[in-house]
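Novice: mind looking at a prediction? Sequence and model below.
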Amino acid sequence: MLPRRALVLTLLFVTTAGCAVLEPNAAPEHVVRGPLGLRSNGPIAATLMQFRPRSTQTRPVGRVGFEVANSYSSMFEDGTDGNWTVVFDGELARTAVLFRTGVSDTTDVEVELPFAYATSGFLDTFIESWHAFFGLPNGGRAQRARGEYAMHVDTNGRRVYELDADRPALADIPLYLTQQVTREADAGIGIALRGGVEIPTGSEGRGFGNGGVDWGGGALAEKSLGRFTFTASAYYVDAATPDSFARAGLVIGDQVYYQGGVECRWNNWLSLVAGLRSSTPVTKDIPLKEIDRGVLDLDVGFVFDDPQTEWRYIFGLTEDLVSESGTDFTVFFGLSRTF
């Protein structure tokens, strides 16, 4: 079933992109526009530090990269074992404003200002029809009425986590530093090291933060073959445990993220991009598949450079390939420019 889901999403992406793009170039200019800079958008996972996929190329000194990244996700998870109850039924929007600038020839720094919003949303009927049409699992959505909202985790009548609805909020702010180790043009492969911290600016009580400082780091690699560029990265994050979790005897586990992507330069203005992102469970102390399973997301989209305005536009879809602990469906849109 999983390969079929991946194939369905990929075909949809290719069809959508093909309708919007002119003929491909036989030998497009070597411009690396990927990978797709996305992160998991689940209600608890989003409170932990994550590293968005990126290129190993760093921003030049004196240049500032500006980006607005938007993700809108629908999810449904409903499980209980008598002691624990997990209900994630709703939709989540996340808008991040990112700034990146070079501090040396091989080093840049980045800050992300994220804003989140949770709501009952409007996608229930669409998601159910989508799954029914392609024969995909519906994740038990029929157990609850359409248009309802619930985002909480309970144990023995005590609430451990809850995400407020219908009120936008600032989330935790991450700061990153990236050090390029080798340039692909010189060494045949681009390699970079990356580290960061996340400041607890999001409200822990409202479910938009974890109340502590997260830190982590990892490595990324990049290799081009003709019109294709392949990327891979791996990160470790030591995430803080919220007070509400600690009072219930829960511990947020060490987070490990793996990412891989491929970009195809369609012509001199547009690239087709796909990627896989995996992450470990947020905690193993809640014995429900809605929490203690990893997430595997497939991202497909395209990136378009507007030669008239110098803006870059990103659009695509994300499908959770595991359908246990992640969001069901995400649409994303972004725009960026270097000044």
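Specialist: Ah, there it is.
Novice: so what's the residue count around F115?
Specialist: 16 (other C-beta atoms under 10 Å). Just so you know, the C-beta spots here come from the backbone N, C-alpha and C atoms, and that holds for glycine as well.
Novice: likewise F339?
Specialist: F339 has 9 nearby residues by other C-beta under 10 Å.
Novice: and for G212?
Specialist: G212, neighbours per other C-beta under 10 Å, totals 17.
Novice: that one reaches A240, doesn't it?
Specialist: Yes: under the criterion of C-beta atoms under 8 Å, G212 makes contact with A240 at 2.4 Å.
Novice: spit out the residues that contact the two alike.
Specialist: P200 (C-beta atoms under 8 Å, 6 or more residues apart in numbering).
Novice: in this structure, which strand is the longest?
Specialist: The longest strand of the chain (DSSP state E) is strand 84-104.
Novice: what's the mean pLDDT across that strand?
Specialist: Regarding strand 84-104, the rounded mean pLDDT is 95.
Novice: quick one: strands adjacent to the helix or strand following it?
Specialist: Remark: after strand 84-104, the chain's next helix or strand is strand 107-119, criterion DSSP states H and E. Partner strands for strand 107-119, per DSSP bridges, with pairing direction: strand 84-104 (antiparallel), strand 169-170 (antiparallel), strand 173-182 (antiparallel).
Novice: show me what contacts the residue positioned nearest the centre of the chain?
Specialist: Nearest residue to the geometric centre of the chain (C-alpha atoms, centre = their mean): R39, 1.6 Å. Contacts here follow C-beta under 8 Å, 6+ apart; on that basis R39 touches A46, Q50, F51, R52, S71, R277.
Novice: doesn't the first one fall inside a strand?
Specialist: No: with DSSP: H, G, I helix; E, B strand; the rest coil as the criterion, A46 is located in helix rather than a strand.
Novice: pretty sure it sits against A171.
Specialist: Yes: at 7.0 Å, A46 counts as touching A171 under the criterion of C-beta under 8 Å.
Novice: okay, those two: which has more neighbours?
Specialist: A count of neighbours by other C-beta under 10 Å puts A46 above the other of A46 and A171, at 27 against 23.
Novice: intersection of neighbour lists for A46 and A171?
Specialist: Common contact partners of A46 and A171 (C-beta under 8 Å, 6+ apart): R94, A116.
Novice: one step back: can you say which of the strands paired with strand 107-119 is nearest to K223?
Specialist: Proximity to K223 (C-beta to C-beta) singles out strand 173-182 among the strands paired with strand 107-119, at 11.0 Å.
Novice: helices or strands up against the helix or strand following that closest one?
Specialist: Next helix or strand after strand 173-182 toward the C-terminus (DSSP H and E): helix 184-187. Using 3 or more C-beta pairs under 8 Å, 6 or more residues apart in numbering; DSSP states H and E, the elements in contact with helix 184-187 are strand 214-225.
Novice: relative to strand 173-182, how tilted is the strand it packs on?
Specialist: Interaxial angle, strand 214-225 versus strand 173-182 (axes from the mean of the first three to the mean of the last three C-alpha atoms, to 10 degrees): 40 degrees.
Novice: for strand 214-225, which outside residues touch it?
Specialist: Applying C-beta under 8 Å, 6+ apart, the external contacts of strand 214-225 come out as 30, 32, 48-49, 51, 53-57, 172, 174, 184, 188-198, 229-240, 255, 257, 259.
Novice: if we use 7 Å, what do you get?
Specialist: 30, 48-49, 51, 55-56, 184, 189-198, 229-240 (C-beta atoms under 7 Å, 6 or more residues apart in numbering).
Novice: pull out the buried members of those.
Specialist: Buried residues within the contacts of strand 214-225, defined by neighbour count using 16 or more other C-beta atoms under 10 Å: 48-49, 51, 55-56, 184, 190-192, 194, 196, 198, 229-233, 235, 237, 239-240.
Novice: what is the burial count for R247?
Specialist: 10.
Novice: can you give me phi and psi for it?
Specialist: phi -60, psi -30 (degrees, to the nearest 10).
Novice: can you check the pLDDT for it?
Specialist: 93.
Novice: to E290, which of the strands paired with strand 107-119 lies closest?
Specialist: Once the strands paired with strand 107-119 are compared by C-beta to C-beta, strand 84-104 is nearest, at 4.2 Å.
Novice: which parts of that closest one are buried?
Specialist: In terms of neighbour count (16+ other C-beta under 10 Å), strand 84-104 has its buried residues at 84-96, 98, 100-102.
Novice: for A169, list each beta-bridge partner.
Specialist: Beta-bridge partners, per DSSP bridges, of A169: A116.
Novice: so who does it touch?
Specialist: F115, A116, G202, S203, R206, F208.
Novice: surely the first one and R167 touch.
Specialist: No: applying C-beta atoms under 7 Å, one finds F115 not in contact with R167, separated by 11.1 Å.
Novice: okay, helices next: where are they in this protein?
Specialist: 2-20, 124-134, 184-187, 243-247 (DSSP state H).
Novice: quick one: which of these has the weakest pLDDT on average?
Specialist: Here these differ in mean pLDDT, and the lowest is helix 2-20 at a mean of 50.
Novice: what's the closest non-adjacent residue to P307?
Specialist: Nearest residue to P307 in three dimensions, chain neighbours excluded: W269, at 6.4 Å (C-beta to C-beta, 6 or more residues apart in numbering).
Novice: can you pull the contacts of the one you found?
Specialist: Neighbouring residues of W269 by C-beta under 7 Å, 6+ apart: F304, D305, P307.
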